[in-house]
Structure formats: structure tokens, C-alpha cells
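Engineer: Build the 3D model from these lines:
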Amino acid sequence: MASLGDKQDRFSRWVRSVVERRGYWRAAVAIAAKNARTAWAMLKYGEAFKHEPAAV
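Structural biologist: You can find the predicted model right below:
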């Protein structure tokens, strides 16, 4: 979260909003939970992560 800087991608905007609404430590837990859900889905469905950047 300290390295967000001025990044404007979707994930960075989401992290910034969670930090503003819930605070630093709850945002850290939310990021960990999101990463765990992504890893679980990759293991369950056996597919590689496909990052598709949002249209700007």
C-alpha cells in the first residue's frame, strides 16, 4: 500500500478506496483475502491467471 503512489489502475484505485473507508490494517487483510480467492480459483479450475487490463 505504501507503493501505490499515483497509480490509477483498477486494483490500485480499489486498494486506495478500502484504505480510506476501513483503514490500513483492514485493507491489508482485504488484499490478502482477495489474493487467497484468486489462488483458490486458479487451483480449483486449473487455469493460469489471465490479467486483462481494463480499457482506459
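
Engineer: low pLDDT regions in this protein?
Structural biologist: Applying pLDDT under 70 to the chain flags residues 1-2, 49-56.

Engineer: redo that, cut-off 90
Structural biologist: Judged against pLDDT under 90, the low-scoring parts of the chain cover residues 1-12, 38-39, 41-56.

Engineer: backbone phi and psi for the residue lying farthest from the centre of it, please?
Structural biologist: For the chain, the residue at maximal distance from the C-alpha centroid (Cα atoms, centre = their mean) is G46, at 20.6 Å. For G46, the backbone dihedrals (degrees, to the nearest 10) come out as phi 70, psi 30.

Engineer: where's it relative to W25, distance?
Structural biologist: According to Cβ to Cβ, to the nearest Å, G46 stands 34 Å off from W25. C-betas here are computed from N, CA, C, even on glycine.

Engineer: do you know how far V19 is from R37?
Structural biologist: As for V19, its distance to R37 is 19 Å (criterion: Cβ to Cβ).

Engineer: more crowded one of the two?
Structural biologist: More neighbours surround V19 than the other of V19 and R37, with 18 against 10 (other Cβ atoms under 10 Å).

Engineer: which residue packs closest to the more buried one, ignoring adjacent ones?
Structural biologist: A27 (4.4 Å; Cβ to Cβ, 6 or more residues apart in numbering).

Engineer: Can you show me the CA trace of the longest helix seen in the chain as CSV?
Structural biologist: With residue count as the measure and DSSP state H as the assignment, the chain has helix 24-45 as its longest helix. What follows is helix 24-45 as a C-alpha-only set of coordinates in CSV (Å, rounded to 0.1, in the frame of the first residue of the first chain):
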residue,chain,number,x,y,z
TYR,A,24,-4.6,0.5,6.7
TRP,A,25,-4.8,-2.9,8.5
ARG,A,26,-8.2,-3.9,7.3
ALA,A,27,-7.1,-3.0,3.8
ALA,A,28,-4.1,-5.3,4.2
VAL,A,29,-6.4,-8.2,5.3
ALA,A,30,-8.7,-7.4,2.3
ILE,A,31,-5.8,-7.7,-0.1
ALA,A,32,-4.7,-11.0,1.4
ALA,A,33,-8.2,-12.3,1.2
LYS,A,34,-8.5,-11.3,-2.5
ASN,A,35,-5.2,-12.9,-3.3
ALA,A,36,-6.3,-16.1,-1.5
ARG,A,37,-9.5,-16.2,-3.5
THR,A,38,-7.6,-15.8,-6.7
ALA,A,39,-5.1,-18.6,-5.8
TRP,A,40,-8.0,-20.9,-4.8
ALA,A,41,-9.8,-20.3,-8.1
MET,A,42,-6.6,-21.0,-10.1
LEU,A,43,-6.1,-24.2,-8.2
LYS,A,44,-9.7,-25.3,-8.5
TYR,A,45,-10.1,-24.6,-12.2
